[in-house]
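Student: compute the structure for the input listed below.
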Amino acid sequence: MASIDKLRNDLVSWNNLFPLDRLYRQRNNILYNSAAHRGLCQIDIYLDWLETELFKEYEADFIESEKRVEQYKNGIWLHEKEDQEMTDEDFDNIVI
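Tutor: Residues are numbered from 1 along each chain as shown. As a prediction, the model looks like this:
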């Protein structure tokens, strides 16, 4: 039992140290501790994840931009910011 507990602890430690590793291995069908897994570089895994996130951001920005263009074409050109509210300090700074 002690060796199984050690293996479990090693797996937990590995996944805590390298949280993107499992996602990468699942996406690329690579088994844990296989020759292919041992040949991986964690920096490359991080860069792969970062690239994916950047493209997701770009896609979201592009979709939002296209949505705003359509709204502008339909005469909607003012947009309320959902996450910003004016504070008392904002009102005090208004110059008339």
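Student: shaky segments in the protein?
Tutor: Applying pLDDT under 70 to the chain picks out residues 1, 79-83.
Student: I'd like the next helix or strand past the helix or strand containing Asp10.
Tutor: Using DSSP states H and E, Asp10 maps to helix 2-17. Using DSSP H and E, the next helix or strand after helix 2-17 towards the C-terminus is helix 19-28.
Student: tell me the helix or strand right after that following helix.
Tutor: That would be, after helix 19-28 and using DSSP H and E, helix 35-38.
Student: helices or strands up against that following helix?
Tutor: Taking 3 or more CB pairs under 8 Å, 6 or more residues apart in numbering; DSSP states H and E as contact, there are no helices or strands that helix 35-38 lies on. For the C-beta atoms, the positions are set from N, CA and C on the backbone; glycine is no exception.
Student: quick one: buried residues of that helix?
Tutor: For helix 35-38, the buried set under the neighbour-count rule, 16 or more other CB atoms under 10 Å, is empty.
Student: tell me which residues in the very next helix or strand once past it are buried?
Tutor: Using DSSP H and E, the next helix or strand after helix 35-38 towards the C-terminus is helix 42-73. Across helix 42-73, burial judged by 16+ other CB under 10 Å covers 45, 49.
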